[in-house]
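In: Any chance you could fold what I've pasted below:
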Amino acid sequence: MYGHPIDVHQWESSVIHKNGFNPIWDEKAEFIVALEDLAILEFKVMNKVVVGNVDIENLDDTLGSYAIALPMIKEGYRNILLESYDGRRLTPANLFVHIRREVIRNKEPL
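Out: Purely as a prediction, here's the structure:
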């Protein structure tokens with residue numbers, strides 16, 4: 001999540017080994033966002049390089065991503081179409097996600 005410095009968040013799913021064509025995470029990520037109008041949510045799929053039991057972090061590659069302004073995201077089930085960083089659609093790469101938004105009111109001003 002990018003935007004105002006108080007709204008910058010990062011979440012990382014678990015690694016799915018040996019299932020690059022149909023991985024299922026079934027995980028939940030929650031973010032508290034103060035300035036929704038400035039927030040951009042990026043979905044990013046990485047290739048995790050593991051040799052034996054050793055995670056080789058500097059060899060991880062971004063397979064695809066999709067960024068969207070938070071106010072534009074609709075609730076419910078969504079199909080996120082992944083793209084390369086130069087804007088090419090990565091067919092058939094996509095993520096099937098469920099989006100739920102909840103408004104939390106805080107009495108303290110920012």
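In: Quick check: the gap between residue 36 and residue 8.
Out: In this view, residue 36 and residue 8 are 14 Å apart by C-beta to C-beta, to the nearest Å. (C-beta placed from N, C-alpha, C; glycine too.)
In: higher neighbour count, these two?
Out: More crowded of residue 36 and residue 8, by other C-beta atoms under 10 Å: residue 36, with 15 against 11.
In: show me what contacts the nearest residue to the more buried one once chain neighbours are set aside?
Out: In this structure, residue 36 finds its nearest non-sequential neighbour in residue 70, 5.2 Å apart by C-beta to C-beta, 6 or more residues apart in numbering. When contacts are counted by C-beta atoms under 8 Å, 6 or more residues apart in numbering, residue 70 touches 1, 3, 33, 36, 37, 39, 40, 41.
In: if we go to 10 Å?
Out: By C-beta atoms under 10 Å, 6 or more residues apart in numbering, residue 70 lies in contact with 1-3, 7, 31, 33, 35-41, 101.
In: Buried among those? Need that as a selection in ChimeraX.
Out: In ChimeraX, this line selects whichever of the contacts of residue 70 come out buried by 16 or more other C-beta atoms under 10 Å:
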select :1,3,7,33,38,39,41
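In: want to throw the contacts of residue 70 into a markdown table with secondary structure, pLDDT and distance to residue 63?
Out: Formatted as a markdown table, these follow (DSSP: H, G, I helix; E, B strand; the rest coil; pLDDT from 0 to 100; distance: C-beta to C-beta, whole Å):
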| residue | secondary structure | pLDDT | distance to residue 63 |
| --- | --- | --- | --- |
| 1 | coil | 87 | 20 |
| 2 | strand | 90 | 19 |
| 3 | coil | 89 | 24 |
| 7 | helix | 87 | 26 |
| 31 | coil | 87 | 22 |
| 33 | coil | 89 | 26 |
| 35 | coil | 90 | 30 |
| 36 | helix | 89 | 28 |
| 37 | helix | 92 | 30 |
| 38 | helix | 93 | 27 |
| 39 | coil | 93 | 24 |
| 40 | strand | 93 | 20 |
| 41 | strand | 92 | 18 |
| 101 | coil | 86 | 27 |
